[in-house]
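Colleague: Can you look at this prediction? I've put the sequence above it.
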Amino acid sequence: MSFENLNLIEPIRKALQTEGYTKPTPIQEQAIPVVLQGKDLLGCAQTGTGKTAAFAIPMLQLLYQQQQQNPEKGRKQIKALVVTPTRELAIQIADSFAAYGAHTRLTCAVIFGGVSQRPQTDALQRGVDILVATPGRLLDLVNQRFVNLQSLSLFVLDEADRMLDMGFIHDVKKILTLLPAKRQSLFFSATMPPDIQKLADSILRSPVKVEVTPVSSTADTIRQSVYFVDRGNKNNLLVDVLQDKSIETALVFTRTKHGADKVARMLAKHGIRAEAIHGNKSQNARQRALENFKSKQIRVLVATDIAARGIDVDELAYVINFEIPNIPETYVHRIGRTGRAGASGTALSFCDAEEMAYLKDIHKLIGKTVPVVENHAYPMENMVVAKPAAKPQPQKSFQRSDRNGPPNNRSRRPFRR
């Protein structure tokens, strides 16, 4: 199927041609017709499936048709709201709306915390059709009466499971009380645990469910491998792996913010251009590091898990798990940064003795065993784990997770995926 078969209006078809889009991804193929019919949607899709276009394209078409039928007089009112957990995602979604809606005359604004609110409030006061927001800043600006949602007809909750993981569920519930009862709602989540299903049930009315891939699968286009290595040799192994000049850029994941900074400094000392990105970095520092990585001014971006769904880099070929995540679903989200939309990618993981239990959980989740690299410069000396690694304690529902520190998009706090 091509986009020509989805009954899209000419202004959007023209924008998609400019973007080089010809064939919709599976979630786009299934979701776009449902949204155009005005139905609520429950989308279960992991990162890298083209999810943003799956809701942005039909939303733009509905709003454009509404605009043509009932031209608005005076300042524009917010007609569509997209709530997403991180500022990086918010920026990327707003950019997508701008690209796909380039010929529609619809306006979009993005608001998030950690930066001055003045440019954001100025945009709101000029009037916008579509608002993309993180929860904390949205509630702040609602309380300051810069945001009025009474004209809203379309609502999207994106990355719902990430929202729960980051502790934003109470904010989401507050936002829901501000929305008109009569609206079309779209709900997206990479996983569907009971708490997320319960939230979806409270938001959606007779939704159509679209599930394009198993919730815990990894893309077949990603070549996965694991290196068994002693913890003290992980730095040496990373430097050794990066001696391969075919690795033009690599996204390296650590479990902690402090660890990300240490790895970035270590790589710099070995002449490898690297920067860290995590919740304690200022907004400007994060954006600068991400832009430097995209433009290949730096070769390695070291990130914590908060960035696992917030970094979108075209043709990213390598993801390296410097530390195995203690939550198996996190592994899927991390390596999903590569092998996106059918492209190939490589995911390397460094596993020390204490992380073997985590690796076992990952194998169970993804339904296959990650191949082991047998011959490398720093093999593990002792493959026996004297004491099993402790299982991570489950997070209580509707409480803030502190795995990566405080949420990064709370405007009430200085910025600190």
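Modeller: Yes, it's here.
Colleague: Would you map the strands across the stretch 51-200 of the chain?
Modeller: 80-83, 108-111, 130-133, 154-157, 184-189 (DSSP state E, counting those that start in this stretch).
Colleague: need those strands in CSV with distance to S295, can you?
Modeller: Every C-beta, even on glycine, is put in place using the N, C-alpha and C of the backbone. Formatted as CSV, these follow (distance: least, C-beta to C-beta, whole Å):
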stretch, distance to S295
strand 80-83, 27
strand 108-111, 21
strand 130-133, 24
strand 154-157, 30
strand 184-189, 29
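Colleague: Find the one among those with the highest mean neighbour count.
Modeller: Greatest average neighbour count among these goes to strand 130-133 (a mean of 27), per mean count of other C-beta atoms under 10 Å.
Colleague: Just the CA atoms of that strand, as PDB, please.
Modeller: Provided in PDB are the C-alpha atoms of strand 130-133 (Å, rounded to 0.1, in the frame of the first residue of the first chain):
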ATOM      1  CA  ILE A 130      -2.100  22.200  17.800                       C
ATOM      2  CA  LEU A 131      -0.300  22.100  21.200                       C
ATOM      3  CA  VAL A 132       2.400  19.600  22.000                       C
ATOM      4  CA  ALA A 133       3.300  19.600  25.700                       C
END
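Colleague: Name the single longest helix found in this protein.
Modeller: helix 51-69 (DSSP state H).
Colleague: In CSV, list the strands of the stretch 51-200 of the chain along with distance to T256 and mean pLDDT.
Modeller: CSV is the format used below for the strands of the stretch 51-200 of the chain (distance: least, C-beta to C-beta, whole Å; pLDDT from 0 to 100):
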stretch, distance to T256, mean pLDDT
strand 80-83, 27, 98
strand 108-111, 29, 97
strand 130-133, 28, 98
strand 154-157, 29, 98
strand 184-189, 26, 96
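Colleague: Those: which one's closest to V147?
Modeller: Closest approach to V147 among the strands of the stretch 51-200 of the chain (C-beta to C-beta): strand 130-133, 7.2 Å.
Colleague: just checking, what packs against the closest one?
Modeller: Contacts defined by 3 or more C-beta pairs under 8 Å, 6 or more residues apart in numbering; DSSP states H and E place strand 130-133 against strand 80-83, helix 87-100, strand 108-111.
Colleague: Compare the ones you listed and report which one is nearest to E381.
Modeller: Once those are compared by C-beta to C-beta, helix 87-100 is nearest, at 39.3 Å.
Colleague: Can you list the buried residues in the closest one?
Modeller: Of the residues in helix 87-100, 87-94, 96-98, 100 count as buried by neighbour count, 16 or more other C-beta atoms under 10 Å.
Colleague: I'd like the mean pLDDT over the host helix or strand of I27, please.
Modeller: Element membership of I27, judged by DSSP states H and E, is helix 26-36. What helix 26-36 shows for mean pLDDT is 94.
Colleague: how about it: buried residues?
Modeller: Quick answer for helix 26-36 (16+ other C-beta under 10 Å): 26-32, 34-36.
Colleague: For the helix or strand containing N235, give me every contacting residue.
Modeller: Assigned by DSSP H and E, N235 belongs to helix 234-241. Helix 234-241 is contacted from outside by 227, 229, 247, 252, 263, 266-267, 270, 272, 320, 322-323, 348, 350, 352, 376-378, using C-beta atoms under 8 Å, 6 or more residues apart in numbering.
Colleague: Any of those residues buried? List them.
Modeller: The buried subset of those (16+ other C-beta under 10 Å) comprises 227, 229, 247, 252, 263, 266-267, 272, 320, 322-323, 348, 350, 352, 378.
Colleague: Relative to A200, which of these is nearest.
Modeller: E323 (32.0 Å).
Colleague: Over to L301: give its phi and psi.
Modeller: phi -110, psi 120 (degrees, to the nearest 10).
Colleague: Tell me which of the helices and strands packed on strand 130-133 sits nearest to G50.
Modeller: Comparing the helices and strands packed on strand 130-133 by C-beta to C-beta, helix 87-100 comes nearest, at 10.2 Å.
Colleague: so that closest one versus helix 51-69, what angle?
Modeller: 50 degrees (axes from the mean of the first three to the mean of the last three C-alpha atoms, to 10 degrees).
Colleague: Which elements pack onto helix 87-100?
Modeller: helix 10-19, helix 51-69, strand 108-111, strand 130-133, helix 283-294.
Colleague: per-residue confidence for R75?
Modeller: 86.
Colleague: any idea how far the nearest residue to it once chain neighbours are set aside is from L149?
Modeller: Leaving aside its sequence neighbours, R75 sits nearest to G127 (C-beta to C-beta, 6 or more residues apart in numbering; 3.9 Å). Per C-beta to C-beta, to the nearest Å, G127 is found 14 Å from L149.
Colleague: more crowded one of the two?
Modeller: Set G127 next to L149 and count neighbours by other C-beta atoms under 10 Å: L149 wins out with 18 against 14.
Colleague: State the number of residues packed around the residue nearest to that one when sequence neighbours are not counted.
Modeller: In this structure, L149 finds its nearest non-sequential neighbour in L178, 5.2 Å apart by C-beta to C-beta, 6+ apart. Counted with other C-beta under 10 Å, the neighbours of L178 add up to 15.
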